[in-house]
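1. Would you be able to build a 3D model of this:
(one chain, ligands or ions: 2)
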Amino acid sequence: MKKEDYFMAAACLAAQRSKDASTQVGAVIVNETDNKIVGTGYNGMPAGLDDELPWERGDEKNNYNKKYLYVTHAELNAIVNKNCADVNGCTMYVTLFPCNECAKLIIQSGIRKVIYLSNKYETRTETKASRRMLDQAMVDTQCTK
Ligand SMILES: O=c1ccn([C@H]2C[C@H](O)[C@@H](COP(=O)(O)O)O2)c(=O)[nH]1
Ligand SMILES: [Zn+2]
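-> Ligands and ions are numbered 1, 2, ... in the order given. The predicted structure is shown next:
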């Protein structure tokens with residue numbers, strides 16, 4: 001198995017832990033120098049609030065009773081769960097192309113490459129803004145498909 005397939009499989013496995021019925025997202029951060037996973041995450045509610053907050057979808061993102069105001073994205077969880085001092089120069093394997101908020105976190109944390117499986121929301125403004133920031137920050141992005 002290729003290294004890229006192995007790490008993406010790990011991201012897919014992490015995604016399976018998500019309770020989001022419509023989109024499960026998994027992310028792993030890899031230190032390419034020694035090919036080690038240094039952080040993993042999936043989209044979930046903030047710690048301890050898993051059964052307190054709504055998972056309903058709905059179109060209106062700013063709705064008090066919809067998941068969008070509450071869910072913690074897979075990329076953020078992978079970064080805060082890191083088991084090393086920093087993730088400078090690391091690669092992130094993620095099952096969905098990052099949103100604009102995650103793109104900011106990726107850039108600020110020093111991750112230099114993002115390998116993704118799906119970009120099903122590529123026409124959304126958030127995704128275009130994410131692409132714009134990642135490109136301008138020269139974070140390498142590659143689709144594994
Ligand atoms: O960068 C991202 C973007 C989205 N997610 C999560 C947040 C939600 O739980 C789902 C998207 O739900 P939809 O019902 O498909 O709109 O994906 C993420 O973890 N990272
Ligand atoms: Zn995000």
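2. Torsion angles phi and psi at the spatially most central residue of the chain?
-> What sits nearest the mean C-alpha location of the chain, by C-alpha atoms, centre = their mean, is E75, with 3.0 Å. Dihedral pair for E75: phi -60, psi -40, per degrees, to the nearest 10.
3. so it makes contact with T95?
-> No: using C-beta atoms under 8 Å as the test, E75 is too far from T95 to be in contact (10.4 Å). For every residue, glycine as well, the C-beta is placed using N, CA and C.
4. any residues in contact with both of the two?
-> Residues touching both E75 and T95 (C-beta atoms under 8 Å, 6 or more residues apart in numbering): A27.
5. Could I get the contacting residues of the nearest residue to P54 once chain neighbours are set aside?
-> The spatially closest residue to P54, leaving aside those adjacent along the chain, is N65, at 5.2 Å (C-beta to C-beta, 6 or more residues apart in numbering). By C-beta under 8 Å, 6+ apart, the contact list for N65 reads 54, 56, 58.
6. does N65 count as helix, strand or coil?
-> Of the three states, N65 takes coil according to DSSP: H, G, I helix; E, B strand; the rest coil.
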